[in-house]
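Engineer: Below are the sequence and a predicted model for it; my questions follow.
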Amino acid sequence: MINKLIVIGLCTTGLIANPMSTKFQKKEKNIYQSHCIPCHQHRPYSLEKVYMLYLKTFSGETIFKASLKAFLKEPMEETSVMTDEWIDDFSVKSKTLLSDAQLDEAIDIYWKLYDVRNKLH
Amino acid sequence: MSVSKNKGTNLLRSSEKSSLRRFLALYIILVIFLLLLLGMFYYQSQEKLMFSNQRTVLSNHANEEVQKLRKIHNHFTTKEKDNKNKNSEEMKSKQEYPQCEDFRSAIYDIERVKIFSRLKNENVNFDKEVYRVNNTIQFVKYLDDYYLGAKYLFIEIDENNQWYEDTMIEILTLGSFALIILAIFGLFFVNLFLRPMKNSMQLLDDFIKDTTHELNTPISAILANVEMMDRDLMVEKNKKKLARINIAAKTVSHLYQDLTYLTLDHNRKSKDEWIDLKKLIEDRVEYFAILAGAKKVKFQLDLNYSTIFIDAVKIARVLDNLISNAIKYNKRGGTISITLRSNYFVIQDSGIGIEAKKVGDIFERYTRFNSSEGGFGIGLNIVKSIIEEYHLKIDVASIIGEGTKIRVDFLKGTVNDK
């Protein structure tokens, strides 16, 4: 009985993951969703606002992506587009642990998601 | 038919007319080129003025547009935010780009990739601030803050062509006026430049006129005495000498008659009458027989009956000059063929001929075929003036080394059709 309860408890809390459901979840989330959204969703500035801030500073897709990648790899106050107040409150983010390829993929998804060219009429 | 007009040599000789025409043509071409250049500069200045006026208006439009872009940028929302209302997801996920009735705009990023455009003409120029393209004027503003990622903001308005029409009318009106004024100046300058040439010609004419007076008496005396001399009593040697004197005297007489005609006779009133050309040609051939004989030149005559209503002195000058030239420029032992038909005559020699490019110049006064021969070069000029006076037609065909053929046609009404 006790064993049954433990198994049910682990299953509901997710400590023992169902191999099928885990596989399904990995397919659902891309690298942007799994590595960017989780941190930013708790911040006052949404990812969209950060995108617009970046776009206002760096015009053009190539420059935008290169600048963002450079910042994520080596975050510094001087290269951050966020306000001083923001940095005082939340400090500069830590270095990304993603590889270059993963970073490029995540930035591509981010660019396409908020690309203003598709959102004007 | 009567030809009663008194037409002398023209005030302006053909060489002067030719110089006048060439100078005027060159002058007019230069003036037109200069006026076109000025017109072009004026057009460009007017265009710059128009651009300057439009730049202010377009700059104001651009500033308005920047403010609108700033608002859109700051309040930009996407479907992520609007996912709550899924029925209007598509519409709400798109932001309306600002539009105005007065102008159209477009934004491009720093890599010159189009972000959005409402322009009529998409072939924008990133390097010119204001420019015309397909009946529109476009203005580009470089943004410091890249709202919506835009580095370049283009403002486009429809072009008002009123300035163009006004400018073209001004250029055409002022250009035509200036052309007329400058053409009048040109004529004045031409006369000024030609004056030395005219003076030289006048001097030569005056000299010939004065000399002519002094020639008449001695020539008449020589010819009369030669005719009166009794040849029967002369030895053969003296007869030859007399013949030479006769030739020399006739040559001088011929020259005298030309000079007289040129300086005095052509001003007298024409006395036109029906002239028997066959008889006249035979007379003139007989007159020149001694001269031709000296060069062993033979005449071949093929004459039909023909008459022409003309001044006797003038038609004699025409025939004398043509026959005289045919002898003068003939080779020794050559021939002169004279053909007469009802409405034309032809005088053909077997002489040295004339270069094709010089044929047009032979009627110019003081022009000679060959400097080795004597004369003033006035004979054919006299022929031409008479031909023109009576509206006859003269054709010259010449081949170097073979000879020259001159044909004179009598036009309708001049020849006696009886």
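Structural biologist: In hand now; what should we look at? Numbering: from 1, shown residues only, chains lettered A, B, ... in the order given.

Engineer: What about residue 74, how many residues nearby?
Structural biologist: Picked chain A for this. Residue A:74 has 10 neighbours, counted by other Cβ atoms under 10 Å in any protein chain shown. Every residue, glycine included, has its C-beta placed from N, CA and C.

Engineer: let's do chain B instead
Structural biologist: 11.

Engineer: Excluding chain neighbours, give the residue nearest to it in space.
Structural biologist: Spatial nearest neighbour of residue B:74, chain neighbours left out: residue A:52 (7.8 Å); criterion: Cβ to Cβ, 6 or more residues apart in numbering or on different chains.

Engineer: Which strands or helices does the helix or strand hosting the one you found pack on?
Structural biologist: Taking DSSP states H and E as the definition, one finds residue A:52 inside helix A:47-57. Secondary-structure packing of helix A:47-57 (3 or more Cβ pairs under 8 Å, 6 or more residues apart in numbering or on different chains; DSSP states H and E): helix A:37-40, helix A:61-73, helix A:100-114, helix B:14-74.

Engineer: Could you dump those into CSV with mean pLDDT and distance to residue B:216 added?
Structural biologist: Listed next are the helices and strands packed on helix A:47-57 as CSV, based on pLDDT from 0 to 100; distance: least, Cβ to Cβ, whole Å:
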stretch, mean pLDDT, distance to residue B:216
helix A:37-40, 86, 127
helix A:61-73, 93, 106
helix A:100-114, 93, 114
helix B:14-74, 88, 29
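
Engineer: for the ones you listed, which one sits closest to residue B:168?
Structural biologist: Residue B:168 lies closest to helix B:14-74 among the helices and strands packed on helix A:47-57, at 8.0 Å (Cβ to Cβ).

Engineer: for residue B:406, helix, strand, or coil?
Structural biologist: Secondary structure state of residue B:406, per DSSP: H, G, I helix; E, B strand; the rest coil, is strand.

Engineer: That one touches residue B:387, doesn't it?
Structural biologist: No - with contacts counted by Cβ atoms under 8 Å, residue B:406 stays clear of residue B:387, the gap being 10.6 Å.

Engineer: and for the helix holding residue A:52, what are the contacting residues?
Structural biologist: For helix A:47-57, contacts defined as Cβ atoms under 8 Å, 6 or more residues apart in numbering or on different chains pick out A:36-37, A:40, A:45, A:64, A:67-68, A:81-82, A:110, A:114, A:116, B:73-74, B:76-78, B:80-81, B:145-149.

Engineer: Of those residues, which count as buried by neighbour count?
Structural biologist: With burial judged by 16 or more other Cβ atoms under 10 Å in any protein chain shown, the buried subset of the contacts of helix A:47-57 is A:36, A:64, A:67-68, A:82, A:110, A:114, A:116, B:73, B:76, B:78, B:146-149.

Engineer: Quick check: the farthest pair among the residues you listed?
Structural biologist: That would be A:36 and B:147, which, of the buried ones among the contacts of helix A:47-57, are the farthest apart (Cβ to Cβ) at 24.2 Å.

Engineer: From the rest of the structure, what touches stretch B:28-40?
Structural biologist: B:171, B:175, B:178, B:179, B:182, B:183, B:186.

Engineer: helices and strands around the helix or strand hosting the third one, which ones?
Structural biologist: This means residue B:178. Using DSSP H and E, residue B:178 sits in helix B:162-228. With contacts taken as 3+ Cβ pairs under 8 Å, 6+ apart, helix B:162-228 sits against helix B:14-74, helix B:236-263.

Engineer: Which positions in chain B make contact with chain A?
Structural biologist: In this structure, chain B approaches chain A at residues B:73-74, B:76-78, B:80-81, B:93-97, B:109-111, B:113-116, B:145-151, judged by Cβ under 8 Å from any Cβ of the partner chain.

Engineer: go again using 10 Å as the cut-off
Structural biologist: Residues of chain B lying close to chain A (Cβ under 10 Å from any Cβ of the partner chain) are B:70, B:72-81, B:91, B:93-98, B:107-117, B:143, B:145-152.

Engineer: quick revisit: how many degrees apart are the helix holding residue B:178 and helix B:14-74 in direction?
Structural biologist: Computed by axes from the mean of the first three to the mean of the last three Cα atoms, to 10 degrees, the angle separating helix B:162-228 from helix B:14-74 equals 170 degrees.

Engineer: For residue B:68, give its distance to residue B:95.
Structural biologist: 11 Å (Cβ to Cβ, to the nearest Å).

Engineer: Give me the more crowded residue out of these two.
Structural biologist: Between residue B:68 and residue B:95, counted using other Cβ under 10 Å, residue B:95 has the larger neighbour count: 18 against 15.

Engineer: lowest confidence element among the helices and strands of chain B?
Structural biologist: helix B:79-82 (a mean of 47; mean pLDDT, DSSP states H and E).

Engineer: I meant chain A, not that one.
Structural biologist: helix A:2-13 (a mean of 38).

Engineer: so where's chain B uncertain?
Structural biologist: B:1-16, B:78-93, B:263-268, B:364-377, B:412-418 (pLDDT under 70).

Engineer: one more time with 50, if that's ok
Structural biologist: B:1-11, B:80-87, B:418 (pLDDT under 50).

Engineer: Which residues of chain A lie near chain B?
Structural biologist: A:46-49, A:51-64, A:113-121.

Engineer: 7 Å instead?
Structural biologist: Proximity of chain A to chain B (Cβ under 7 Å from any Cβ of the partner chain) is limited to residues A:48, A:52, A:55-57, A:59-63, A:114, A:116-117, A:119-121.

Engineer: Is it possible to mark the buried ones in those?
Structural biologist: The buried subset of the residues of chain A next to chain B (16+ other Cβ under 10 Å) comprises A:48, A:52, A:55, A:56, A:59, A:60, A:61, A:63, A:114, A:116, A:119, A:120.
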